[in-house]
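Novice: no letters, just coordinates:
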């Protein structure tokens, strides 16, 4: 009985958090359109806002996306831990804005979802910036393990116009600017 009550409370809390996040959604804009077929594949983390679920990741931080027959996107995140072991986390994402495809919800532990919004994107899909409406989370990803200094500076400068603080970014270890 106590487990059911706890589970119900967790679902209510997750729902309330999602409602709060959605109420601030108008303040953060996404890219006008995301071509999911071009987006899928491997991405390397260049920088991120520090977060608890990546605290054991020290290098080779990657995300791999693939389309699924049900229309969702499979997500496999991987990294190397301080002990030198590869850590993998598997989940899926679903598009919540079919007009732009740029707003997704991702889960690694169903029924809990997080916002995954594409807020800046290279026209050639060589780099991307992913955030969410509360601005608690942020990632800069690249198709290659390093991003040139000029491009990184341009992305960081644009983050301020999106309401993010580039000073909070933590660069991925083991990666340098080209």
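Specialist: Alright, I've got the coordinates. Everything quoted here is computed from the prediction, not taken from an experiment. Residues are numbered from 1 along each chain as shown.

Novice: for the spatially closest residue to residue 65 that is not a sequence neighbour, give me its contacts.
Specialist: Counting by C-beta to C-beta, 6 or more residues apart in numbering, the nearest residue to residue 65 once its immediate chain neighbours are dropped is residue 40, at 4.6 Å. Every residue, glycine included, has its C-beta placed from N, CA and C. Applying C-beta atoms under 8 Å, 6 or more residues apart in numbering to residue 40 gives the contacts 65-67, 73.

Novice: look up how far residue 93 lies from residue 40.
Specialist: Going from residue 40 to residue 93 by C-beta to C-beta, to the nearest Å gives 11 Å.

Novice: what touches both of the two?
Specialist: Here residue 40 and residue 93 have 65, 73 as joint contacts, going by C-beta under 8 Å, 6+ apart.

Novice: okay, how far is it across stretch 46-58, tip to tip?
Specialist: Here the two ends of stretch 46-58 are set 12 Å apart, with distance taken as C-alpha to C-alpha, to the nearest Å.

Novice: how about it: buried residues?
Specialist: Residues of stretch 46-58 classed as buried: 46-49, 54, 57-58 (neighbour count, 16 or more other C-beta atoms under 10 Å).

Novice: just the ones of the residues you listed in strands?
Specialist: Members of these lying in strands (criterion: DSSP state E): 46-48.

Novice: of those residues, which is the nearest to residue 28?
Specialist: Checking those against residue 28 with C-beta to C-beta, the nearest one is residue 48 at 16.9 Å.

Novice: what sits closest to that closest one if chain neighbours are left out?
Specialist: Counting by C-beta to C-beta, 6+ apart, residue 139 is the residue found nearest to residue 48 once chain neighbours are left out, at 4.7 Å.

Novice: good, we can wrap up now.
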